[in-house]
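Colleague: Sequence plus the predicted model coming up.
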Amino acid sequence: MNNPVVLQQQTHILTEKGYEESREWVAVEQPYRVALNDREIGASMVLATGLEEFGAGFLFGQGYIDHPGQVREVLVCPEGRIEVHADVEEDFAPREVIITSGCGGTGKISREMLEGKIDPLQEYSLRFAEAGEFIRQALLASDLGQKTHCVHGCGLWAEGRMQVFFEDIGRHNAVDKVIGAILLGRAPANGAVYTTGRLTSDMVLKCARIGIPIVMSRTSASSLALAIARQAGLTLICYARPGRLNIYNAPERVRWDNPPVAA
């Protein structure tokens, strides 16, 4: 399946100086249905990249998959369907989901995930200079965002390099793709995540549930996202830029390369 993720659209530009025609890049949004062991669970509008990872991450957020090792196979079908085959109970019941603050209801998590106990996070720390390099690499990882100004990016950094990077029109979907990569054994959980989107409760909760100890955003976080970070002991960083990090919780995981001298 070779679906385009970007198209060119003719546009008419009006300015104080007059009128001209141009062409602009437009991100392609497509519907995909996600099935678990041949039973359809839900659907989402996505950017058609990282679809295997999205399918696994989507099911994790819905509470059907718990940990890496359960997923056996993921098939992306031509008719817009993602088939995930996993070692879960055959008679799994539909999960009660909560619609979070995602635009258009894209943010959905199971009630069990929201209300259940959070296991200890993975052990990981990040040097301050590393964080800056991670942010730079994530922002330059693809020209799609610069072309369309319509996608969010999310990457995972571990072992001194960016392990994976995904984009999607929905910031929730981009995070789901990173979580899916962990579930599929394509990235470790003991690392740091950076997203260009704001951090709401479900995004931070899913990262905590999979064991990620550091979550960074180019923008801000909601009050419930911060409360979940505190409950989990997760390092939450907002307004992340090379050379500056606003650490809202658990700053001890970020290490100074050269500690500043106290004034």
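Modeller: That came through, no problem.
Colleague: buried set for stretch 246-257?
Modeller: 247, 248, 249, 250, 253, 254 (16 or more other Cβ atoms under 10 Å). (C-beta placed from N, C-alpha, C; glycine too.)
Colleague: Could you find the closest non-adjacent residue to the fourth one?
Modeller: By that I understand residue 250. residue 235 (4.1 Å; Cβ to Cβ, 6 or more residues apart in numbering).
Colleague: same question, the second one
Modeller: Nearest non-adjacent residue to residue 248, counting by Cβ to Cβ, 6+ apart: residue 236, 4.5 Å away.
Colleague: With only the CA atoms kept, save stretch 121-137 in CSV.
Modeller: Output in CSV follows, covering the C-alpha atoms of stretch 121-137 (Å, rounded to 0.1, in the frame of the first residue of the first chain):
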residue,chain,number,x,y,z
LEU,A,121,9.3,3.8,35.5
GLN,A,122,12.4,2.7,33.7
GLU,A,123,15.7,4.0,35.0
TYR,A,124,17.2,6.7,32.7
SER,A,125,18.8,10.1,33.0
LEU,A,126,19.7,12.7,30.3
ARG,A,127,22.5,15.2,30.0
PHE,A,128,21.4,18.8,29.5
ALA,A,129,23.5,19.0,26.2
GLU,A,130,21.9,15.7,25.0
ALA,A,131,18.4,17.1,25.5
GLY,A,132,19.3,20.0,23.3
GLU,A,133,20.7,17.7,20.6
PHE,A,134,17.6,15.6,20.8
ILE,A,135,15.4,18.6,20.2
ARG,A,136,17.4,19.8,17.3
GLN,A,137,17.4,16.4,15.6
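Colleague: Need the contact partners of that stretch.
Modeller: Residues outside stretch 121-137 that contact it (Cβ atoms under 8 Å, 6 or more residues apart in numbering): 155, 157-158, 160, 162, 165, 188-192, 194, 208, 211-214, 216, 218, 232-234, 237, 240-243, 245, 252-257.
Colleague: for it, what is the average pLDDT?
Modeller: Stretch 121-137 shows a mean pLDDT of 97.
Colleague: Which residues in that stretch does the neighbour count mark as buried?
Modeller: 121, 124, 126, 128, 130, 131, 132, 134, 135.
Colleague: try stretch 42-55
Modeller: 42, 44, 46, 47, 48, 49, 50, 51, 52, 53, 54, 55.
Colleague: Among the buried residues of stretch 246-257, which lie within strands?
Modeller: Mapping the buried residues of stretch 246-257 onto strands (DSSP state E) picks out 247, 248, 249, 254.
Colleague: Flag the shaky bits of the stretch 1-150 of the chain, pLDDT-wise.
Modeller: 1-3, 93-115 (pLDDT under 70).
Colleague: Strands along that one, start to end?
Modeller: Secondary structure of the stretch 1-150 of the chain (DSSP state E, counting those that start in this stretch): strands at 6-15, 18-27, 30-36, 39-46, 71-77, 81-86, 97-99, 108-110, 126-127.
Colleague: Can you dump the C-alpha atoms of the fifth one in CSV for me?
Modeller: Provided in CSV are the C-alpha atoms of strand 71-77 (Å, rounded to 0.1, in the frame of the first residue of the first chain):
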residue,chain,number,x,y,z
VAL,A,71,2.2,-8.4,19.8
ARG,A,72,3.0,-11.2,17.3
GLU,A,73,2.2,-9.6,14.0
VAL,A,74,0.8,-6.4,12.5
LEU,A,75,-0.6,-6.3,9.0
VAL,A,76,-1.5,-3.1,7.1
CYS,A,77,-4.3,-3.9,4.7
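Colleague: got a list of contacts for it?
Modeller: 1, 51-52, 55-56, 65, 82-87, 183-184.
Colleague: Next, give phi and psi for residue 69.
Modeller: Main-chain dihedrals, residue 69, degrees, to the nearest 10: phi 100, psi -20.
Colleague: Can you name the residues that contact it?
Modeller: Contacts of residue 69 by Cβ under 8 Å, 6+ apart are residue 87.
Colleague: any idea how far the most centrally placed residue in the chain is from residue 39?
Modeller: The centroid of the chain falls nearest to residue 175 when counting by Cα atoms, centre = their mean (0.9 Å). According to Cβ to Cβ, to the nearest Å, residue 175 and residue 39 sit 24 Å apart.
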